[in-house]
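K.L.:
Need the 3D shape of this:
(2 chains)
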Amino acid sequence: MMRSWPVIAVAALALGALSGVAAYENARPRGADWQEIAWPFPRDGWPAGRAFRCKASSCGEDIEVYVRPKLGFCNCDSGVADDDEVDRVADLDLISARFVPLRAGDAVDVAEMRGRVRAYGLNMPDGTPRAAIGIAASRRCDLLVAAAQGKGEAAGVQRAALAFLDSKEMTNWMIAAMEGR
Amino acid sequence: MTGLLKLAATFWIIFVACCSAAYAQQQVVGAPPEASNMKLVGSNDLQARSAYQPTIHHQGDRWIAYIGHHGGTDDIPSPVNPLTERAEPNGTSIVDVTDPAKPKYLAHIPGQEGKYEGGGAQMVRVCDGKALPKGDPNAVYMLRTFGGEAHEVWNVAVPEKPVLVSRIAGGLKDTHKNWWECDTGIAFLVSGAPDWRTRRMTQVYDLSDPANPKKIRDFGLPGQEPGSTGAVPTELHGPISTGPDGNRVYFGYGTNKGGFIQIVDREKLLKGPAEPTAENLRLPEVSRLAMSAFNGAHTTFPMLKMPIAEFAKDKDGKSRDIMMVVDEAILNECAEPRQMVWFADVTVENRPMMISSYTVPEASGNFCQRGGRFGSHSSNESMAPVYYKKMVFIAFFNAGVRALDIRDPYHPVEVGFFIPSITKATDKRCVTIDGKDRCKVAIQTNNVETDDRGYIYIVDRANTGLHILELTGPARAVAGLP
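P.N.:
Sure, this is the predicted structure:
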C-alpha cells in the first residue's frame, strides 16, 4: 500500500491536469462560429469598421466584437502607453457612454502590434449591465481599436474576442486595414 | 491606323496628359515659389529644424522672432547648431528680424530630446517684464514648452543669451498650445496632469512674477478629471483669452476629429472652486459649439464686435462677435476629411452658430497628389491693428499660406497666397502602399504669425525654415496698407 500511493498521487495529478486542459479547451472559442454583421453605430469621425457576432450556442454566450483602424494618432512614439488611452480611444463609448473599468489593463499583441486590453462594466442606455473589453494597439502614428461586449463575465468576453482577433483571417484584414487597404 | 489603334492612342494621350498635369504640380528643388499678391522678403533655414509656433516681439529697437520646434527626425534627431558647433535637440530658435530681408539667427535653446512630437519645444509666447504686474521691468520673458514634460520661462532681454528663470514640471503627459496674458500674467498652460484622464487639459497659473509661478487650478471637461469614468471628452488643443476686459476664454478642443469650442467665463474660471469635480468644471462654462466629428479645433481666434457692412442699416445686430476656428490636418495625401477654416457667430453666446467656411480648392494645385499634408493647421494670432478684423493668414501645409479678406466674415475671400520653394533640407512625407513607404517632398507650411509692421512669418514643419513675406497688389488695399 505504501509503495502504491506515489503512483496514485501521480495519476491524480495527471487526471487533474487533463481535466484542466479539457475545461480550458471547452472554454476556448476555437472554431467558434463568428458571423459578420452590419456596423451597428452611427457615422462618427472615423470610417465604420467591421462587426461580428458569436451566438451563445457557439461561444457559450452572445458576444459581439467591433474592430476598426483609426489612422492618425498623435502618440507616434509612445503608442498606447496606459489604460487611460484605452478608455479614450477603444470605441466603448459607441456601445454606451457609461462604462467603468473593472481593473487595470494588460499588455496585448494584436495583428503584430503592441497595445493594451482592459475590462469594463457597461451600463446600457436601457439600464441593463454588460461586460465589455476595450483593446487599443498602435503602429507608428496609427491605431487599431476593438471593443467587445457580452452578457457574461468580462474574462469570457476577453478570451473569446482575443481568440477571434488572433485568427489568421482577422489578422490579415487588420494588417491591410492599417495600410488603408 | 485601325479604329482600335486610334482609340488606344487617344486613351494613351489622355493618360499622359493627366499624369503630366499632376506631376507638373510636384515641387522640385530650384523651382520658384508660387505666389499671388504676396512676395518673399527674406528667409532663414532655422538650422533645418521642424517648426511650430512663431512669435514676433518688438523689444527695444529690435524685432525678434521666437520660433518653437518639434523634435528631430529619424535621419537627424539632433541637428548641429553652427553657433555652438554642437548637436542640439530641437528647441527654440531666436532670430533677429529687424531687417526682414536679412534675418539673423541669434541663438538656439535646446529642447527635450526626442523625435517629431515626442521632443522639442513647440510653443512660444513672449511678454515684457514691464507689462507684467510683478515682472522685472528690464526683463523680456519667453514662455515655452519643453517637449511634453514641462513649461519654462526664460529671460530673453538679451536674445543672444537667454537665461532660464523658472520651470513648471510635475510628471506631465504632454504640453501644447499655451496662452499668456501679458497685462495680468495669467497663463493657460496646455498640459497633461498625471492624474487626469486626458493627454491635454489646462493648468491655470499666475505668472505675473515669472520667477515664482503660482498654480491657480486645473481645468478641463467633465469626464476628463481624475476619478471620473465613462466616455472621455475630446482633448484640448489650445485656448485664447480676451483678458479681464472681455472676460472670456475660448478653448478649442480636438485636432482633426470631434472638435468643439468652449466659451468660458474667465473670472469664474480664475476665482471659482478649484477642486476638479464635474460640477466645478461646469461652473465657468458659458456654452459650447459642437463641430462635425470630421473636424477639430486647433485655433479659436476671437474677433469681437466686428461691424458687418451688410448689416449696417439693421436696427439690431450691426456688429457681431466672430470666432474663427482652424482645424488641423494630420494625415498625408488627403487620407482624412478636409480640415479647413470655419467662422462662427458667437454674439448670442448660448446659441453660437457656424456662418461660413473656407478651404483652398484642391484642384487649384492638385494638392492631394503633391505629398505631405493638405489642409489647414493654424492662423496668425496677433491682434495688432494692422490686420485684426480685416485679414487673417492661414497655414495650409502643402498649399502654403493663404491670405483671407475677412471684413465680411459671412463671406471670407482669399486675396493672396504664397507657397515657398522646397530646398534640399525639406524632409520627405510618406504614405504606406502595399506595406511599403511611398514618399514625396513638399512644403508643409505649419504656422504663421504677423508683426505690427505687417510682415507675415511662415514656418515649415518639413524643415524648410522661416519665410518672411509681405502683401502686394490688391491684398495690401484690403489691410489699408500703402
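K.L.:
dump the residue contacts of the residue nearest the centre of chain B.
P.N.:
Taking CA atoms, centre = their mean as the criterion, residue B:378 is the residue nearest the geometric centre of chain B, at 3.6 Å. Listed by CB atoms under 8 Å, 6 or more residues apart in numbering or on different chains, the contact partners of residue B:378 are B:298, B:299, B:326, B:328, B:394, B:395, B:446, B:447, B:448. In this view, the C-beta of every residue, glycine as well, is placed from N, C-alpha and C.
K.L.:
Can you report phi and psi for the residue nearest the centre of chain A?
P.N.:
For chain A, the residue sitting closest to the mean C-alpha position, by CA atoms, centre = their mean, is residue A:161 at 3.5 Å. Backbone geometry at residue A:161, expressed as degrees, to the nearest 10, gives phi -70, psi -40.
K.L.:
before we move on, back to that, mind listing what's buried in the helix or strand hosting the residue nearest to the centre of chain B?
P.N.:
If you go by DSSP states H and E, residue B:378 is part of strand B:374-379. By neighbour count on 16 or more other CB atoms under 10 Å in any protein chain shown, the buried set for strand B:374-379 is B:374, B:375, B:376, B:377, B:378, B:379.
K.L.:
In this structure the first one contacts residue B:368, no?
P.N.:
So the one you mean is residue B:374. Yes. Using CB atoms under 8 Å, residue B:374 is in contact with residue B:368, at 5.9 Å.
K.L.:
Mind picking the two most distant members of the contacts of residue B:378?
P.N.:
Largest separation among those by CB to CB: B:328 and B:448, giving 13.2 Å.
K.L.:
Could you check which of the two has the larger neighbour count?
P.N.:
residue B:448 (28 against 25; other CB atoms under 10 Å in any protein chain shown).
K.L.:
Specify the beta-bridge partners of the more buried one.
P.N.:
The partner list for residue B:448 in beta bridges (DSSP bridges) reads residue B:458.
K.L.:
Would you confirm that it contacts residue B:456?
P.N.:
Yes. The criterion here is CB under 8 Å, and residue B:448 meets it with residue B:456 at 6.5 Å.
K.L.:
And the helices in chain B, which stretches?
P.N.:
B:3-24, B:243-246, B:266-271, B:278-282, B:367-370, B:474-479 (DSSP state H).
K.L.:
Which of the contacts of residue B:378 fall within strands?
P.N.:
Counting by DSSP state E, the part of these found in strands is B:299, B:326, B:394, B:395, B:446, B:447, B:448.
K.L.:
show me the contacts for residue A:157.
P.N.:
A:61, A:63, A:119, A:131, A:132, A:133, A:148, A:149, A:150.
K.L.:
And the fifth one, what's its pLDDT?
P.N.:
The pLDDT attached to residue A:132 in the predicted structure is 98.
K.L.:
Can I get the buried residues of strand B:374-379 in CSV including pLDDT?
P.N.:
Formatted as CSV, the buried residues of strand B:374-379 follow (pLDDT from 0 to 100):
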residue, pLDDT
B:374, 98
B:375, 98
B:376, 98
B:377, 98
B:378, 98
B:379, 98
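K.L.:
Name the nearest of these relative to chain A.
P.N.:
Distance ranking of those against chain A, using CB to the nearest CB, places residue B:375 first at 11.6 Å.
K.L.:
That closest one touches residue B:396, doesn't it?
P.N.:
Yes. With contact defined as CB under 8 Å, residue B:375 reaches residue B:396; the gap is 6.9 Å.
K.L.:
pretty sure residue A:137 contacts residue A:143?
P.N.:
Yes. Taking CB under 8 Å as the definition, residue A:137 is a contact partner of residue A:143 at 7.2 Å.
K.L.:
what's the overlap in contacts for the two?
P.N.:
In contact with both residue A:137 and residue A:143: residue A:80, using CB under 8 Å, 6+ apart.
K.L.:
ok, back up a step: so what strands line up beside the strand holding residue B:378?
P.N.:
strand B:391-397 (antiparallel).
K.L.:
any idea how far the spatially closest residue to residue B:366 that is not a sequence neighbour lies from chain A?
P.N.:
Spatial nearest neighbour of residue B:366, chain neighbours left out: residue B:25 (4.1 Å); criterion: CB to CB, 6 or more residues apart in numbering or on different chains. In this view, residue B:25 and chain A are 22 Å apart by CB to the nearest CB, to the nearest Å.
K.L.:
give the contact list for the closest residue to residue B:388 other than its chain neighbours.
P.N.:
Nearest non-adjacent residue to residue B:388, counting by CB to CB, 6+ apart: residue B:303, 7.0 Å away. Going by CB under 8 Å, 6+ apart, residue B:303 touches B:321, B:322, B:323, B:324, B:388, B:389, B:406, B:409.
K.L.:
Point out the ones among these that are inside strands.
P.N.:
Counting by DSSP E, the contacts of residue B:303 contribute B:321, B:322, B:323, B:324 to strands.
K.L.:
The last one pairs with what?
P.N.:
Bridge pairing for residue B:324 (DSSP bridges) gives the partners residue B:301, residue B:343.
K.L.:
Quick check: it vs chain A, distance?
P.N.:
21 Å.
K.L.:
was I right about that residue contacting residue B:304?
P.N.:
No. The criterion here is CB under 8 Å, and residue B:324 misses it with residue B:304 at 11.6 Å.
K.L.:
Compare the two (neighbour count), which wins?
P.N.:
More neighbours surround residue B:324 than the other of residue B:324 and residue B:304, with 22 against 16 (other CB under 10 Å).
K.L.:
Please determine how far that one is located from residue B:298.
P.N.:
Here the distance between residue B:324 and residue B:298 works out to 11 Å (CB to CB, to the nearest Å).
K.L.:
repeat for residue B:222
P.N.:
For residue B:222, the distance to residue B:298 - CB to CB - is 23 Å.
K.L.:
neighbour count winner among these two?
P.N.:
Neighbour totals were compared for residue B:222 and residue B:298, and residue B:298 leads with 28 against 16 (other CB under 10 Å).
K.L.:
contacting residues around residue B:30?
P.N.:
residue B:421.
K.L.:
where does the chain dip in pLDDT?
P.N.:
Went with chain A since none was named. A:1-31 (pLDDT under 70).
K.L.:
could you do chain B instead?
P.N.:
Ranges of chain B meeting pLDDT under 70: B:1-24.
K.L.:
which ones are touching the closest residue in space to residue A:55 that isn't next to it in sequence?
P.N.:
Nearest residue to residue A:55, sequence neighbours excluded (CB to CB, 6+ apart): residue A:62, at 6.0 Å. Contacts for residue A:62 (CB under 8 Å, 6+ apart) come out as A:53, A:54, A:55, A:56, A:150, A:151.
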